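*Asks:* return a 3D structure for these sequence lines:
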Amino acid sequence: MRLKFTCLLPFLLFASFFSNVIGADTLRHETPDSLLKKAEDYYFDGKNDSAILIANKLLESCKLDHDIRRQAEASFLLGKVYTDMGQLDSSTPFFIRADSLFLLLHDTLKYGETNARIGYLYRIQKKDDEALSFYLKALSIFPKSSNSFWIGFVNDHLGHIYLGRGNYYLALEHFQKAIRVFTDLDVLLNVGGEYNAMGLIYRKTNDQDKEKQAYIDAIAILLEVDESVFLAEAYSNLSEVYLEEGLTDAGFEMLEKSRQVYLNIDYPLGLCSYFAVQAFYYDNQKPPDNSKIIEFATQGAAIALEHESYQQYADACFYLGTAYLRTNQLEEARTILEKGKSKAEQYGYLYELDKNLKVLSEVYKRLNKPALALALLEQHLELKDSLSGEEKVKEFTSLDLSFRFKQEQFRDSLAQAHIKNEMIFRHGKELKIQQLRQLILALALLVVVIVVFLIIKLSRKRKAQNLVLDEKNKLINQTLHEKELLLKEIHHRVKNNFQTISSLLELQAKEVVDEQAITKIEEGQSRILSMSLIHQKLYQTNDFTVIDMQEYVEQLSDQIAHSYSMNKLDINVTANDIHLDIDTSIPLGLILNELITNSCKYAFSKEKEGGLNIQISQQGDGSYLLTHQDSGPGLPDGLDLAKVKSLGLRLVTRLAKQLHGNIRYSFENGCRFDIVFNDTAHRKRVD
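*Replies:* Modelled structure (predicted):
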């Protein structure tokens, strides 16, 4: 046998070489479309190595042919293959390359999906800042395409990122958008998952009724599909609600269903939430059962750490640290709470960080370390104020955000009320027939009694309703007043923050020797102050939506002229009855800042005398015209604004485009700029 094999070996080697040559030659002569289809077929069949080989061949040939479309498709396919193989370091460069190529091709569909996939890669690597950037970029692209699934996918992931960071307002907004998309696509699994996530938001904001209804709806939807992690999570979350309400049997029944689903789908991380609910239950007993808390929280923390679920780990550390503190195991409490605090800080889980800080402060107090205890307590109070501030924003916006959720509940309740009323009506009709047959002589008296009773009842009911309406009106007025105060405080704080940044730049400038660097810092200060002035105007007025441009431009021009010691400069501003929204005023203010600054720096003589005219007017088509004219020598002849290297003029050009406007320069007894622009309402209609 060995001899026969030895004789056949040269032939086999030649055959192998010949087939490789033929195969390579075949690949060279195949069209790019056929190569791409072959690579995609290999990918869908799970033959990743073959898909990589063909896609790389295609990529090399397309580079030589300068075929951007096929380069983009091949890079995109390689990114998907390496993602499925778990080789994220290899997949990311291919997706980023595909992203830039699809942008060149103006392919919004693929460009948006590529950004979503890059965001997903960063998300699973727990790089939420990078993921957030790409997800938001994808959303800005997707409305121009028809790829609804990826809109739902991105909104779902953004919701979870904001939920982890304690920004419940934005989280709820994105979950609502995801529900609309997945409902239209009839993807019940994802719809149930979104309702479950919304329940977590209502838990954080102490709205137990909405929380419970969200979990019940999630379970009803998820029971229509196969068992999943979402179903187990919904059971687990609902069990926690029942336990809080004192419905122990119902709570543990739901918890056992959750555990069984996790076991059926072989998802060990899910048991972490199972142990968390157990720890929660024993923590709320009177008195708390600390040994049980330590037992279950220890198991949950180990699972969460093993699977790198740091939000659940931080939560388990809180329960462990609390139990250790109660049993006077102070060093154990300090160690575990520091670990929970570290993970919560590292990954931005503000709600869990707040809980760990509070207990850790008490631990250091018991350990006779008052300085550390005080520092942690101050951090806890500051974080608590921040979270409560976000919840105040939620209070007066939640009606709009949860409209669809309430509307579905309202439709269900209407249907049930209709059935109930129909049954009551039929029963009453039969009863009246019997009464007519049996008590015909007493009918008149009975009718009178019923009418009187109804009149009295309706009268009392109307009075009660009037009282309720009065209370609601008072509450609405109070809420509106709080909203106005909060908005005014927001603008005040933004203005203060801008001034703080300006002061920091001024301090930094004192340490800089380079004159050019000092000039750049001063220009940055000027731009910051132009934006700060807008928020100051909003803070000082009762209308938080528009800016009086006459007052604003006068104050801005005087402020800039004073900074350049232009005391003899004659400034004329004409912008009467022009009121613009904040999204238009800020870019326009930056444009004016650059133009007025350039005039002060270059247009006037050393004696700092001259004239400056600024006019804003509304045109017949609804657009606005800004005219800025000084008495200076103007720009150099032949200067092209589109190619100018000056940062100020480049900024003016870009901001004009942002306002859907255009800019025209001319020289008429001085330097003149005419900028046509549109307000936010007009820009939204165009978009």
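*Asks:* rest of the way, CA atoms for contacts and neighbours
*Replies:* Will do.
*Asks:* now the strand or helix carrying Ile151: buried residues?
*Replies:* Assigned by DSSP states H and E, Ile151 falls within helix 148-164. Neighbour-count burial for helix 148-164, counted by 16 or more other CA atoms under 10 Å, picks out 150-164.
*Asks:* again, but for stretch 583-600
*Replies:* Applying 16+ other CA under 10 Å to stretch 583-600 flags 584-597, 599-600 as buried.
*Asks:* okay, Ala442: pLDDT?
*Replies:* Note on Ala442: pLDDT of 80.
*Asks:* returning to what we had before: other SSEs contacting the helix holding Ile151?
*Replies:* helix 108-124, helix 128-141, helix 168-184, helix 188-204 (3 or more CA pairs under 8 Å, 6 or more residues apart in numbering; DSSP states H and E).
*Asks:* redo those as TSV? Include distance to Ile616 and mean pLDDT.
*Replies:* As requested, the helices and strands packed on helix 148-164 are exported to TSV (distance: least, CA to CA, whole Å; pLDDT from 0 to 100):
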stretch	distance to Ile616	mean pLDDT
helix 108-124	37	88
helix 128-141	31	88
helix 168-184	36	88
helix 188-204	46	88
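*Asks:* now those helices as TSV including mean neighbour count and distance to Lys57?
*Replies:* TSV is the format used below for the helices and strands packed on helix 148-164 (neighbours: other CA atoms under 10 Å; distance: least, CA to CA, whole Å):
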stretch	mean neighbour count	distance to Lys57
helix 108-124	23	22
helix 128-141	19	29
helix 168-184	22	38
helix 188-204	24	38
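*Asks:* any chance of those helices in CSV, plus distance to Asp99?
*Replies:* Putting the helices and strands packed on helix 148-164 into CSV (distance: least, CA to CA, whole Å) gives the following:
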stretch, distance to Asp99
helix 108-124, 6
helix 128-141, 11
helix 168-184, 24
helix 188-204, 27
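*Asks:* and those: which comes nearest Gln508?
*Replies:* helix 128-141 (28.1 Å; CA to CA).
*Asks:* what helices and strands are in contact with the closest one?
*Replies:* helix 108-124, helix 148-164.
*Asks:* can those helices go into JSON lines with extra columns for distance to Ala373?
*Replies:* Output for those, formatted as JSON lines (distance: least, CA to CA, whole Å):
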{"stretch": "helix 108-124", "distance to Ala373": "34"}
{"stretch": "helix 148-164", "distance to Ala373": "26"}
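*Asks:* closest one to Lys365 among the ones you listed?
*Replies:* Comparing those by CA to CA, helix 148-164 comes nearest, at 29.0 Å.
*Asks:* so who does Phe134 touch?
*Replies:* Asn115, Ala116, Ile118, Gly119 (CA atoms under 8 Å, 6 or more residues apart in numbering).
*Asks:* out of these, which comes closest to Gln618?
*Replies:* Among the contacts of Phe134, and counting by CA to CA, the member closest to Gln618 is Asn115, at 39.7 Å.
*Asks:* hmm, the closest one is touching Ser100, no?
*Replies:* No: taking contacts as CA atoms under 8 Å, Asn115 lies outside contact range of Ser100: 10.0 Å.
*Asks:* mind checking the helices and strands packed on helix 148-164 for the one nearest to Leu35?
*Replies:* Nearest of the helices and strands packed on helix 148-164 (CA to CA): helix 108-124, 19.5 Å.
*Asks:* just want the angle from that closest one to helix 148-164.
*Replies:* 30 degrees (axes from the mean of the first three to the mean of the last three CA atoms, to 10 degrees).
*Asks:* from Phe604, how far out is Ile571?
*Replies:* Distance of Ile571 to Phe604, given as CA to CA, to the nearest Å: 13 Å.
*Asks:* give me the more crowded residue out of those two.
*Replies:* Phe604 (20 against 15; other CA atoms under 10 Å).
*Asks:* paired strands for the longest strand along the chain, with orientation please.
*Replies:* Ordering each strand of the chain by length in residues (DSSP state E) puts strand 609-618 first. Sheet partners assigned to strand 609-618 using DSSP bridges are listed as strand 568-574 (parallel), strand 624-630 (antiparallel).
*Asks:* average pLDDT for it?
*Replies:* 89.
*Asks:* going forward can the numbers begin at 10, since that is how I track them
*Replies:* I'll keep to 10 as the first residue from here, and by that count the last item is strand 618-627.
*Asks:* what about that strand, distance to the chain center?
*Replies:* Offset of strand 618-627 from its chain centre (CA atoms, centre = their mean, to the nearest Å): 41 Å.
*Asks:* how close does Tyr131 get to Lys213?
*Replies:* Taking CA to CA, one finds Tyr131 at 26 Å from Lys213.
*Asks:* what does Ala140 give?
*Replies:* From Ala140 over to Lys213 (counting by CA to CA), the distance is 24 Å.
*Asks:* for the closest residue to Asn164 other than its chain neighbours, give me its contacts.
*Replies:* Spatial nearest neighbour of Asn164, excluding adjacent residues (CA to CA, 6 or more residues apart in numbering): His183 at 4.9 Å. Contact analysis of His183 by CA under 8 Å, 6+ apart lists Asn164, Asp165, Leu167, Gly168.
*Asks:* what would those residues look like in TSV with distance to Gly643 and pLDDT?
*Replies:* Below are the contacts of His183 laid out as TSV (distance: CA to CA, whole Å; pLDDT from 0 to 100):
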residue	distance to Gly643	pLDDT
Asn164	50	89
Asp165	53	91
Leu167	49	92
Gly168	52	91
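*Asks:* list the buried ones in stretch 274-291?
*Replies:* Those would be 278-291, for stretch 274-291 by 16+ other CA under 10 Å.
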